[in-house]
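[1] With the sequence up front, the predicted model follows.
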Amino acid sequence: MNGRSNWVGLRSLFLLSAKKLLLHRRWMVVVLLGAMVCAVMGYGASQDLADMDTASDMMDLLLLTFILPVMALIYGASMIRNEIDDRSIVQVVSSPMDRRLSYLGYFMALSLVLMVLMVIITAAAGASFFVMNWEDGALGLVLGYVLAMCVGALAYSSLFLLLGVVLKQPIYLGLFYVFIWEGFVGSIPGAIGDYTIRHQLRVMVSGLVDSGSIANVGGDPWSALLITMVLTAVLVVVGAFLLREKEIA
Amino acid sequence: MGIDPIGYKPWNGRRTEHNRRFLVIAENIVWERFRSKPFLVLFILGAILVHVFPLIFYSIMPHSELEADLMSGYMGDGLFLIFNITLVSLICADLISEDFRSNSIVLYLSKALQPGRYLLGKWLGAMVVLCLFTLVPPMLVATAITATQDGSDYLGSLAVLGRTFLAGAWTALLLVPVGLMMSALTSKRTYAGVGAFMFLFILTIIAGVLGTFSSDWQLLSPIAVLEHTYDFLFGLDVSNVNSVLLVPMVIMLTVPPMWIVYQRILRKGVGK
Amino acid sequence: MTSIVEAMSISKWYGKVIGLNNFSIDVGAGITGIVGPNGAGKSTFFKLMIGNIRTNVGQLKVLGEDPWRNPHQLANIGFCPDYDFLPGELKGREYLRFVGGLHGMEGMALNDRINEVLEVVSMTDSADRGIGGYSKGMKQRMKIAGALLHNPPLLLLDEPLSGTDPVIRKEIIDLIKDLNKVHGHDVIVSSHVLHEIERMTHQIALIYKGRTVASGDISEIRRLMSGHPHNIVLEGSGMVELAKVLVAKDFIVSVELRPDRKGMVVKVDRPDAFFDAVPNMVKETGCELLRMESMDDDLESVFRYLVRW
């Protein structure tokens, strides 16, 4: 296939995959989660002494620590894995498009959908808090988290999409990573805590916001961004290579 | 030339009583779980991380008897509870969802198996598997501590041993309904597993967030509910716990989920 | 003969399960039937040809190239697998638009091609309905449409008739024949139902337990099986006298008279000699021959004979 044909193929795969992700019944879960986050943020805002630090801490815990990786896991781990299991991937792998390019199409669809959803949820969460408690710097805080969500969506998508290609049950390892590795190991003092996507995202946010405990996280935000982007690129390349080598029986 | 008979003979052997057929389902679940390598790996990993070190450490440390607050603290440890939640998600993920996906629920219900018995079999199977993690190892730890105690109050230690048994069984009793509910709400086991995990964790996180405003919100967390009920089971001080909120939370985590599962089985059984 | 597909001693295994075992075949142009029972290795062969899996041993060439890790070649192949993979949430036309996009097709040219292909598979009226509501036959036709869309020279159809009713089966068989005769595609089609393949083509490859048992024209294969006695049915009057004469002939293996004495089944080891001798024997005995038919010129007998050995 020439460049134009590859572009058309990539666009077709991207559009259909994104449509499948958005229109799947999972949107009910997303709406529920979003509503829950907004409700909690709104309740927090209604309390005495609720301030920017409170908002930042709540967004750190609810969005960065929980919603982002879990949604990436739900969407990412099952995206290619479901197609391999129900064999609908045959139409993609029996097209003249290189499988590596197909993988890129899946990744683009997944990360864009995740970014859009997380941006909406983050903005809604911020609005729920600050509508009752507007302070200077509120917009900056929300935008800082929105940016972190976008970068985090790329990183987590790359990881869980790869797991979906490699493992028959990617959810086990995914849950282990999110809750055991990032939850427990990531909170151990010392260098080992840095080897998580969440830590890098928190370092990035610390450079963008100055409220909440996240502002005290040490590290260079630009280095964290670079590390996350490099990790994402490596995981995407590895995933693409593995899909090309994978036998689809 | 007539039709050549294919050697069909009617079954003349013993048939299990109707009332005991749920045991077949439960037994099948137990064997299936332990044939799954990922599950075995996680189970063994959890057992090593959560139970082996306390068993060795508490047995070696000088102690006069098995103490209730020791066992309550050990069973209320974060890692133990995290593993419990992970395991219940994995154990229950495909118990009902897989039957829905493959439509074998119709097969079960057409074998003169009542929906209630089917659910009982599934519940019992999940309970047995989870109790092998929540009940058996703590009992072993408690037994090891009792066996190595310096003091002579074995009766007191045995009482704590009994409470440990109750706490282990109670852990499974509290967590399994949510796992089954998630399994009954979807036909994809991946979603069921993640759903159960998320349901339990999201309550914990919300409780953590809202708990900074009022300690009563802590009871939203199933982990906190377990910790406080352990205090109750081990006969420890529960005066700081709002029991007016604790009891409804316990009910909320057990009764509605099982009711939802039952209703879903009924609906699927009639083809909806 | 220009080879479309050349397999040279290929083996493929999945763990301990052998899919293909020292399998060799040379497929030429036209319609070729791959015939074998369930588990013979037909689908494995198709997956190898489309490059979804790779051989463990041996060499495979499809249209002159190795299909593994060769996505460019897939522009020349249209694949219709035996399983249902169509996305139920899409409409037929949307699905074809997606498949066309994957092949780099777009715009008005794609729309025109979609209309053409829908016409070929007789799905124009149902194209704007959801695939989830299609019958089995409609889904099969939509799968074939997807395989045809990019106008590949070679079509691989894995069990296209499975699960279809007799009416749809006839339509699909006629479609497959037209795809070759009218539209010029080379087709490799698999089935485990022998008489269906016979209706489509006489060029077959018999596959059993991962091995090629025989390949070529059905009659040619039959003719080469000279060691296998032919069964011939004779019906008419005077069969008893004819039987007495037949048992004395050296090319007769056995004669089995029907209870009503109006017919018999004769087993011969040299059918040519038998057919040459029949007119004289009929004249000699004065019998009236109303029917004479070979029971073994069909694919089923060929296959049954071959897999017993």
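    Alright, I've got the coordinates.

[2] and residue 77, how many neighbours?
    In the absence of a named chain, chain A is used. Counted with other CB atoms under 10 Å in any protein chain shown, the neighbours of residue A:77 add up to 27. Every residue, glycine included, has its C-beta placed from N, CA and C.

[3] Actually, chain B is the one I wanted.
    14.

[4] Equivalent analysis for residue A:36, please.
    Here the number of neighbours of residue A:36 (other CB under 10 Å) works out to 18.

[5] wouldn't it be in contact with residue B:203 here?
    No - the pair residue A:36 and residue B:203 does not pass the contact test of CB atoms under 8 Å, sitting 9.9 Å apart.

[6] Run through the residues that contact the residue nearest the centre of chain A.
    Central residue check for chain A by CA atoms, centre = their mean: the C-alpha nearest the mean position is that of residue A:153, 2.5 Å away. Listed by CB atoms under 8 Å, 6 or more residues apart in numbering or on different chains, the contact partners of residue A:153 are A:68, A:72, A:111, A:114, A:115, A:118.

[7] part of a helix, is it?
    Yes - assessed by DSSP: H, G, I helix; E, B strand; the rest coil, residue A:153 belongs to a helix.

[8] in stretch A:225-241, what counts as buried?
    A:225, A:227, A:228, A:231, A:232, A:235, A:236, A:239, A:240 (16 or more other CB atoms under 10 Å in any protein chain shown).

[9] My error: substitute stretch A:182-197 in the last question.
    Quick answer for stretch A:182-197 (16+ other CB under 10 Å): A:182, A:183, A:186, A:196, A:197.

[10] Please identify which pair of those residues lies farthest apart.
    Greatest spatial distance in the buried residues of stretch A:182-197: A:183 and A:197, 12.4 Å, computed using CB to CB.

[11] rewinding a little: lowest-confidence one in the buried residues of stretch A:182-197?
    Within the set of the buried residues of stretch A:182-197, pLDDT is lowest for residue A:186 (77).

[12] and the closest residue to that one other than its chain neighbours, what does it touch?
    Of all residues not flanking residue A:186 in the chain, residue A:196 sits nearest, at 4.1 Å (CB to CB, 6 or more residues apart in numbering or on different chains). When contacts are counted by CB under 8 Å, 6+ apart, residue A:196 touches A:181, A:182, A:185, A:186.

[13] Keep only those of the contacts of residue A:153 that are in helices.
    Among the contacts of residue A:153, the residues falling in helices (DSSP state H) are A:68, A:72, A:111, A:114, A:115, A:118.

[14] Redo the residues you listed as CSV? Include distance to residue C:98.
    Below are the ones in helices among the contacts of residue A:153 laid out as CSV (distance: CB to CB, whole Å):
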residue, distance to residue C:98
A:68, 30
A:72, 25
A:111, 21
A:114, 22
A:115, 23
A:118, 27
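
[15] Which one of the residues you listed is nearest to residue B:43?
    Checking those against residue B:43 with CB to CB, the nearest one is residue A:72 at 26.3 Å.

[16] Quick one: the helices in the stretch 101-250 of chain C, in order.
    Secondary structure of the stretch 101-250 of chain C (DSSP state H, counting those that start in this stretch): helices located at C:107-120, C:136-148, C:166-181, C:194-200, C:218-224, C:239-246.

[17] what's the burial count for the closest residue to the residue nearest to the centre of chain A other than its chain neighbours?
    Nearest non-adjacent residue to residue A:153, counting by CB to CB, 6+ apart: residue A:114, 4.0 Å away. The burial count assigned to residue A:114 is 25, neighbours taken as other CB under 10 Å.

[18] how near is residue A:114 to chain B?
    Applying CB to the nearest CB, to the nearest Å, the value for residue A:114 to chain B is 15 Å.

[19] how far out from the middle of the chain is the helix or strand bottoming out on mean pLDDT in chain A?
    Within chain A, no helix or strand scores below helix A:170-175, which has a mean of 86 by mean pLDDT, DSSP states H and E. With CA atoms, centre = their mean, to the nearest Å as the basis, helix A:170-175 stands 15 Å off its chain's centre.

[20] Does whichever helix or strand comes after it reach chain B?
    Counting by DSSP states H and E, the element after helix A:170-175 in chain order, helix or strand, is helix A:197-208. No - judged by CB under 8 Å from any CB of the partner chain, helix A:197-208 makes no contact with chain B; its nearest approach is 13.7 Å.
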